[in-house]
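Q: Sequence below, structure please.
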Amino acid sequence: MAGWSNVAMASAVVMVLAGCGGGKSEGPKEAESDPVAATSSPTPSRTPQAEASSSRSGEEWEEEQAAKLPKLTDVEVTETAEGDRVTFTFNAPAPRYLDSYEKELNGAEGKPITIEGSKFLRVAFIGVHPESRFTSPTPNERVLEVRYLMNFEGEMSAGIGIVAPDGAADPAYDISTEGTRVVVDIKE
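A: Numbering: from 1, shown residues only. So this is what the prediction gives:
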């Protein structure tokens, strides 16, 4: 029985402390039905930003976030003294990228995409605008095609089809960023 008296005593202390509001009671408190009212301020305050963000739809929020991402504006193939260059230009600082040679290039849902060339370099740009797309630029003798592959969840992939002699190793290349551009230099 001693255990039950401790529980009763603790319950009584909680009830007494809960009732200590320092003034007369005006009926049921708002805190009983609204957990937010139980904070230290009598009424929850909202900043103008919080008010505005709570009234936006999910679609508006997504559009606002997408507007902050770099969007591809141009792709160009040119020749240099060291080889060939593919330049991807964005409307904001160049995004991060991943690059690798692939035996086969795939687009949305893993479907194979056929492009001209015997070696295929994939460049995936991370954190780009969902509307980043491009029309294949004019090729040259070595870079036969640059093609849009897909844009999924902020990652846009492009495939570069390169001519290489049969059995030749993958051509050496360097990728760099220069402000709003990602430059792929394919060595001869």
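Q: where does Glu60 land in three-state SS?
A: helix (DSSP: H, G, I helix; E, B strand; the rest coil).
Q: So in terms of bridging, what pairs with Thr87?
A: Partner residues in beta bridges with Thr87, using DSSP bridges, are Glu76, Val183.
Q: quick one: it and Asp185 touch, right?
A: No - the pair Thr87 / Asp185 is not scored as a contact, 9.6 Å apart, by C-beta atoms under 8 Å. (Glycine included, C-beta is placed from N, CA and C.)
Q: and Val86, how many residues sit next to it?
A: 25 (other C-beta atoms under 10 Å).
Q: wait, what's in contact with it?
A: Going by C-beta atoms under 8 Å, 6 or more residues apart in numbering, Val86 touches 75-77, 137, 143, 146, 160, 183-184, 186.
Q: doesn't Thr138 fall inside a helix?
A: No - using three-state DSSP, the assignment for Thr138 is coil, not a helix.
Q: Tell me who's in contact with it.
A: Val77 are the contacts of Thr138 under C-beta under 8 Å, 6+ apart.
Q: Can you report phi and psi for the residue nearest to Glu131 when sequence neighbours are not counted?
A: Spatially, and ignoring its direct neighbours in sequence, Glu131 is nearest to Lys71 (6.4 Å; C-beta to C-beta, 6 or more residues apart in numbering). Per-residue torsions, Lys71: phi -120, psi 130 (degrees, to the nearest 10).
Q: now the one 3 residues further on
A: As for Asp74, its main-chain torsions (degrees, to the nearest 10) stand at phi -160, psi 150.
Q: ok, it touching Asn91?
A: No - counting by C-beta under 8 Å, Asn91 is not a contact partner of Asp74; they are 9.6 Å apart.
Q: And the pLDDT for the residue nearest to Glu131?
A: According to the prediction, Lys71 has pLDDT 94.
Q: circling back: could the contacts of Val86 be laid out in CSV, adding neighbour count?
A: Converted to CSV, these look like this (neighbours: other C-beta atoms under 10 Å):
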residue, neighbour count
Val75, 19
Glu76, 15
Val77, 21
Pro137, 17
Val143, 26
Val146, 28
Ile160, 27
Val183, 18
Val184, 22
Ile186, 24
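Q: Specify which member of those is nearest to Leu98.
A: Distance to Leu98 across these (C-beta to C-beta) is lowest for Val184, with 12.5 Å.
Q: For that closest one, which non-adjacent residue is spatially closest?
A: That would be Val86: by C-beta to C-beta, 6+ apart, it lies 4.4 Å from Val184.
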